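> Sequence and predicted structure are below.
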Amino acid sequence: MYKILIVEDELIAAESLSLDLKKLGYEVIGIVSKGEKAIQKAKDSLPDLILMDIMLKGSMDGITAAQAIYQELKIPIIYLSAYADAQTLQRAQKTPAYGYLVKPYKIADISTTITIALSKFEEDSRTESDLLKQKKLNQIKTQALATASHDLRAPLTSILGYTELIKDYGDKLSPDKKERYFNFIKSAIVEMNDSLEDLLLISKAEEGKITLYPNQFDLVEFLQGLIDEQNNLNDKHTINFHCQHSSCEAYLDRKMLHHILNNLISNAIKYSPEGGDIDLTLCCEENNICLTIQDYGIGIPDSYQHKLFQLFERADNVGGIKGNGLGLSIVKSAVEIHGGEISVESEENKGTKFIINIPQHEEPL
């Protein structure tokens, strides 16, 4: 039931209008006679629609009150009028009114005018919301492209430099040094690929276009493979796998899960610059999969944790550690698309634990 506020300084006319509105099925939440009272009542009760007399008595007329209400609260307003001079009508036409009712009112006119006004307001609200979303998305894309340009420059420079070295001095380089240079190139390519993957996913996430392609697989085997992959790439860190299950059947998007865990493990490595252990724990229950990734690195300051999953945000204790502030926002979106939740426990200089809970699905998502 729509709630309507009547702003009318003629009590008999206001009561008559109120009765007509109730007959039409609307809820009248109040009748006020002054512009100042209308503003306060609108703030207090947040009606769906206001019927506002243009020619209110007192220091504030209906047009001024309507402008103040719409500017602050975005509540649609229909003007009520028996007569008005040309200047007043011109002022009224410059305000975002959603209709006019001329006294004396017929109940059919009231019904039609209100129906059209509410419909137009809902359409305008959707349009405004879509425009705001598009503006936000464009801002994100612009910032993401700027970030990508910066992030891709360093690995491209490395690739160019090492290929030039191999080209010019390949016959003079030892096999070990050649392998080292090739590994540098491979690492730079992986870094670039990760950055591009982040950009693609964040764009899809903001547009609500991430699509899951789940299938059935053994989660224990999947995680062991992921950990072996990461351990082969790192000399300073050891990723330990803790699991009491010999197998755990899951119905998830393997590629998306790989992106989630690869991002969190990479962060755990990155933000543990002194090296050491990183613990990945899996707990499979009948209706839930719980994954935790624990590092013992620099941790996250308390003052930053509420912004942890926001785009382009990085804590002030990261120093010179590279990052673009995209990864955790993508991880959160990917977890939530699976119907799951992600949380964090962290203490500065003691480490960080990410906890992921994803419901088990026996049938396709």
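Right, received. Where do you want to start?
> Number of residues surrounding I77?
27 (other Cβ atoms under 10 Å). (Glycine included, C-beta is placed from N, CA and C.)
> I50 is in contact with that one, correct?
Yes. Applying Cβ atoms under 8 Å, one finds I77 in contact with I50, separated by 4.8 Å.
> shared neighbours, these two?
66, 69 (Cβ atoms under 8 Å, 6 or more residues apart in numbering).
> how about the strands in the chain?
3-7, 27-32, 49-53, 77-81, 100-102, 215-218, 237-243, 249-252, 276-284, 288-295, 341-347, 351-359 (DSSP state E).
> So which of the ones you listed is nearest A38?
Smallest distance to A38 across the strands of the chain (Cβ to Cβ): 4.3 Å, for strand 3-7.
> How is the chain partitioned into domains?
3-105, 134-206, 215-359 (automatic domain parsing).
> JSON lines please, covering those domains and showing distance to I116 and mean pLDDT.
As requested, those are exported to JSON lines (distance: least, Cβ to Cβ, whole Å; pLDDT from 0 to 100):
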{"stretch": "domain 3-105", "distance to I116": "6", "mean pLDDT": "89"}
{"stretch": "domain 134-206", "distance to I116": "27", "mean pLDDT": "75"}
{"stretch": "domain 215-359", "distance to I116": "39", "mean pLDDT": "87"}
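> Would you mind putting those domains into JSON lines with distance to T115 alongside?
What follows is the domains of the chain, written out as JSON lines (distance: least, Cβ to Cβ, whole Å):
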{"stretch": "domain 3-105", "distance to T115": "9"}
{"stretch": "domain 134-206", "distance to T115": "29"}
{"stretch": "domain 215-359", "distance to T115": "38"}
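> For K120, which of those domains is the nearest?
It's domain 3-105; of these, that one is closest to K120 (Cβ to Cβ) at 5.7 Å.
> chain center to that closest one, what's the gap?
Chain-centre distance of domain 3-105: 36 Å, with Cα atoms, centre = their mean, to the nearest Å.
> rewinding a little: want to try CSV for the strands of the chain, with distance to N267 as columns?
Formatted as CSV, the strands of the chain follow (distance: least, Cβ to Cβ, whole Å):
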stretch, distance to N267
strand 3-7, 48
strand 27-32, 51
strand 49-53, 50
strand 77-81, 51
strand 100-102, 59
strand 215-218, 24
strand 237-243, 12
strand 249-252, 21
strand 276-284, 10
strand 288-295, 8
strand 341-347, 11
strand 351-359, 8
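> for these, which one ends up most surrounded?
Among those, strand 49-53 has the highest mean neighbour count (mean count of other Cβ atoms under 10 Å), at a mean of 26.
> Now do I54 against L233, distance only.
72 Å (Cβ to Cβ, to the nearest Å).
> So the two - more neighbours on which side?
I54 (22 against 14).
> Phi, psi for that one please.
phi -70, psi -50 (degrees, to the nearest 10).
> Quick check, pLDDT for L132.
Here the pLDDT value assigned to L132 is 80.
> Surely K353 touches S343?
No. Using Cβ under 8 Å, K353 makes no contact with S343, being 9.0 Å away.
> Tell me which stretches of this structure form helices.
For the chain, the helices defined by DSSP state H cover 11-23, 35-45, 62-73, 86-93, 107-169, 175-206, 219-233, 254-270, 327-337.
> Next, find the distance separating S158 from E191.
9 Å.
> what's the answer for N357, then?
30 Å.
> Send me stretch 262-272 as CSV with only the CA atoms.
Extracted in CSV, the C-alpha atoms of stretch 262-272 (Å, rounded to 0.1, in the frame of the first residue of the first chain):
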residue,chain,number,x,y,z
ASN,A,262,45.6,-18.7,-6.4
ASN,A,263,44.9,-15.1,-5.6
LEU,A,264,44.8,-15.7,-1.8
ILE,A,265,47.9,-17.9,-1.8
SER,A,266,49.8,-15.4,-3.9
ASN,A,267,48.8,-12.7,-1.5
ALA,A,268,49.9,-14.8,1.5
ILE,A,269,53.3,-15.2,-0.2
LYS,A,270,53.5,-11.6,-1.2
TYR,A,271,52.7,-10.3,2.2
SER,A,272,55.1,-12.7,4.0
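> In that stretch, which residues are buried?
262-272 (16 or more other Cβ atoms under 10 Å).
> centre of the chain versus that stretch, how much separation?
Relative to its parent chain, stretch 262-272 has a centroid offset of 23 Å by Cα atoms, centre = their mean.
> hmm, who's touching it?
194, 226, 230, 234, 237, 239, 278, 280, 293-299, 318, 321-323, 327-328, 330-331, 351-352, 354.
> give me that answer again for 7 Å
Residues from elsewhere that reach stretch 262-272, judged by Cβ atoms under 7 Å, 6 or more residues apart in numbering: 230, 234, 237, 239, 278, 293, 295-298, 321, 327, 330-331, 354.
> Please report the distance of the residue nearest to G25 when sequence neighbours are not counted from A117.
Leaving aside its chain neighbours, G25 sits nearest to M1 (6.7 Å; criterion: Cβ to Cβ, 6 or more residues apart in numbering). Between M1 and A117 the computed distance is 16 Å (Cβ to Cβ).
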